[in-house]
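Student: Next come a sequence and a model predicted from it.
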Amino acid sequence: MKKILYPVILFSIVLLAACGGKYEGDFSYEIQDFTYTNQDGEQVSKSDFEGKFWIADFIYTTCETECPQMTYSKQKIERALHEEGIKDVEFVSFSIDPDNDTPEVLKEYGEVRGIDFEEGNWTFLTGYDFDTIKEFAVKSFKVPVEKFDDTFMHGTHLMIVSPEGNAIKYFNGYTMTDEQINELVQFIKPML
């Protein structure tokens, strides 16, 4: 009996180990379920990104420093991915100023920066109150968000989210270099 049971247990352990997390990074933060409104006024949920890599950040459209640079970094990442033949990564920005950042404002923000929404892989989200997005940012991404009189404080991370819906790695989107963009591309590429 022991001779038969030992190989069965060993096989089960190996099988279970092989079923572990396919996408590994520096950490694994499960992203909470959400349903928010995109730049076209449509409802978008976490499930819409299931099975895809996505790069997420937190911005607001009246920001004149970090946020435009973070968006530009994501555009450079998109070009670098396309050069490698990778076109199915999603780019998601959560507004931390939902009172100002209506779908129309977010759409204009993207269009002014040359984002082609017809391609379908850029999503700007709003449609919640500040406390909701603050809690979501902290719980899901471990990104601090604060509101002051007429401005906001937020992290400048571009978070890579796995097809399983877990944030697994981040890069500083405000100070991102070409070398770091290449590192990000080489991080994603083998996992596709």
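Tutor: Thanks, I have the structure now.
Student: How about the contacts made by the spatially closest residue to Leu192 that is not a sequence neighbour?
Tutor: Of all residues not flanking Leu192 in the chain, Ile86 sits nearest, at 6.4 Å (C-beta to C-beta, 6 or more residues apart in numbering). Yep, even glycine has a C-beta here, placed from its N, CA and C like the rest. Neighbouring residues of Ile86 by C-beta atoms under 8 Å, 6 or more residues apart in numbering: 185, 188-189, 192.
Student: what separates Ile86 from Ile181, distance-wise?
Tutor: Separation of Ile86 from Ile181 (C-beta to C-beta, to the nearest Å): 13 Å.
Student: which stretches of the chain aren't confidently modelled?
Tutor: Applying pLDDT under 70 to the chain flags residues 1-21.
Student: Provide the backbone phi and psi angles at the residue nearest in space to the middle of it.
Tutor: With distances taken as C-alpha atoms, centre = their mean, the chain has Ala56 as the residue nearest its mean C-alpha position (2.4 Å). Backbone torsions for Ala56, taken as degrees, to the nearest 10, come to phi -110, psi 150.
Student: residue contacts, it?
Tutor: Ala56 touches 92-94, 141, 158-159, 161, 167, counting by C-beta under 8 Å, 6+ apart.
Student: And these, which is closest to Thr175?
Tutor: Leu158 (11.0 Å; C-beta to C-beta).
Student: how about that closest one, secondary structure?
Tutor: strand (DSSP: H, G, I helix; E, B strand; the rest coil).
Student: Give the bridge partners for it, please.
Tutor: Using DSSP bridges, the bridge partners assigned to Leu158 are Phe171.
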